[in-house]
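Q: fold the stuff below for me.
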Amino acid sequence: EKQKTDFDWLVTHHTMVQEQMQTFLHGFRRDAHPMVILTGLVGAMSAFYHDSTDITNPEHRRISAVRLIAKMPTLVAMAHKYTLGQPLMYPRNDLSYTGNFLRMMFGTPCDDYVVNEVVERALDRIFILHAEHEQNASTSTVRLCGSSGTNPFAAIASGVACLWGPAHGGANEACLNMLEDLQANGGIEKVGEFMEKVKDKNSGVRLMGFGHRVYKNYDPRAKLMQETCKEVLAALGLENDPLFKLAMEVERIALEDPYFVERKLYPNVDFYSGIVQRAIGIPTPLFTAIFALARTVGWISQWDEMIS
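A: The predicted model follows:
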């Protein structure tokens with residue numbers, strides 16, 4: 001219990017980043033993809049926090065881990081605010097990890113931001129469910145990069161870069177883009193026609209957010225995210241949003257059509273987490289950065305395990 005209390009305190013009180021990081025941030029174009037900005041900012045941390053980069057020293061590794069976990073939400077929020085042209089919001093020590101992130105993302109100096117408990121719980125679940133997932137592409141990349149003896153910030157930056165790919169962390173962004181394209185081309189009336197194209201291997205149409213390399217049955221994470229999705233939509237009054245109704249129709253057909261059932265193409269965690277993030281107000285290009293924020297815990301744990 002004391003270890004957890006101490007760890008919570010350390011993370012909470014190390015969320016601010018070196019002020020010069022803002023100067024570095026301003027070197028990016030305003031329309032740069034958030035993952036470009038995040039890769040650069042994480043890599044740049046080694047220039048500002050080089051007092052903890054002796055990877056042979058267990059205490060240095062612990063300090064670097066706390067810094068990465070604590071500052072990643074701040075860096076993601078900085079990338080978001082910079083794209084919008086809004087002033088950056090400094091973290092506060094009286095909020096939870098997730099509540100603090102929501103305030104930095106959506107708060108402004110003009111008003112006191114009140115954290116919505118349903119939204120906070122939903123994003124907390126997204127963070128937990130994405131925190132670690134064995135030897136996936138980005139985790140393997142972090143370990144491979146770290147095996148050369150490079151500093152932890154460079155190793156984590158390599159994981160961020162790998163995660164950006166649409167076959168990995170970019171899957172939920174690709175899923176939302178698929179739904180938005182479908183909405184723009186006929187919406188719910190065209191779902192049946194779209195699903196028939198998916199079944200035609202020669203059409204080139206792919207169904208994003210369904211099936212998983214590891215889970216050959218229903219993704220256990222998806223079940224919890226499905227419940228979370230419904231909670232968030234109800235709390236925000238978005239049950240009748242056209243895009244969300246479209247997503248539910250795609251889900252219904254996939255769960256009933258023998259073609260998808262026989263091939264075990266069930267909705268995965270990306271399908272629901274993308275919908276939840278859109279409902280919360282997170283822009284689609286930022287989805288993968290949210291994934292990187294969550295997965296940092298797994299990356300740094302795997303890296304530390306390997307080095308030690």
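
Q: so which elements touch the longest helix anywhere in the chain?
A: The residue-count maximum for a helix in the chain (DSSP state H) belongs to helix 58-84. Judged by 3 or more C-beta pairs under 8 Å, 6 or more residues apart in numbering; DSSP states H and E, helix 58-84 is in contact with helix 2-12, helix 21-25, helix 34-48, helix 97-106, helix 152-163, helix 287-307. C-beta coordinates here come from the backbone N, C-alpha and C atoms, glycine included.

Q: and of those, who's closest to A184?
A: helix 287-307 (18.9 Å; C-beta to C-beta).

Q: from the contact counts, what lies against that closest one?
A: Using 3+ C-beta pairs under 8 Å, 6+ apart, helix 287-307 sits against helix 34-48, helix 58-84, helix 117-129, helix 137-146, helix 152-163, helix 171-184, helix 269-280.

Q: any stretches of the stretch 101-250 of the chain with poor pLDDT?
A: Applying pLDDT under 70 to the stretch 101-250 of the chain flags the ranges 212-216.

Q: now with 80, please.
A: Across the stretch 101-250 of the chain, the ranges flagged by pLDDT under 80 are 166-167, 169-172, 211-219.

Q: if we can go back for a sec, need the winner for burial among the helices and strands packed on helix 58-84.
A: Among the helices and strands packed on helix 58-84, helix 152-163 has the highest mean neighbour count (mean count of other C-beta atoms under 10 Å), at a mean of 25.

Q: what sits up against that helix?
A: For helix 152-163, contacts defined as C-beta atoms under 8 Å, 6 or more residues apart in numbering pick out 35, 38-40, 42-46, 49, 53, 55, 61, 64-65, 68, 137-139, 141-142, 144-146, 168-170, 288, 291-292, 295-296, 299-300, 303.

Q: please tell me how far L102 sits from A122.
A: Per C-beta to C-beta, to the nearest Å, L102 is found 10 Å from A122.

Q: actually A157, not the one I wrote
A: 28 Å.

Q: give the contact list for G298.
A: Shown in contact with G298 (C-beta under 8 Å, 6+ apart): A131, E132, H133, T139.

Q: so how far is the longest helix of the chain from its chain's centroid?
A: Relative to its chain's centre, helix 58-84 lies at 14 Å (C-alpha atoms, centre = their mean, to the nearest Å).

Q: and the nearest residue to I37 once chain neighbours are set aside, how many residues sit next to it?
A: Leaving aside its sequence neighbours, I37 sits nearest to A79 (C-beta to C-beta, 6 or more residues apart in numbering; 4.2 Å). Neighbours of A79 under the rule other C-beta atoms under 10 Å: 23.

Q: A79 against A289, yeah?
A: Yes: here A79 reaches A289: they are 6.4 Å apart, a contact under C-beta atoms under 8 Å.

Q: need the overlap of contacts for these two.
A: By C-beta under 8 Å, 6+ apart, the residues touching both A79 and A289 are P34, L38.

Q: ok, A279 to A235 distance?
A: From A279 across to A235, the span is 9 Å (C-beta to C-beta).
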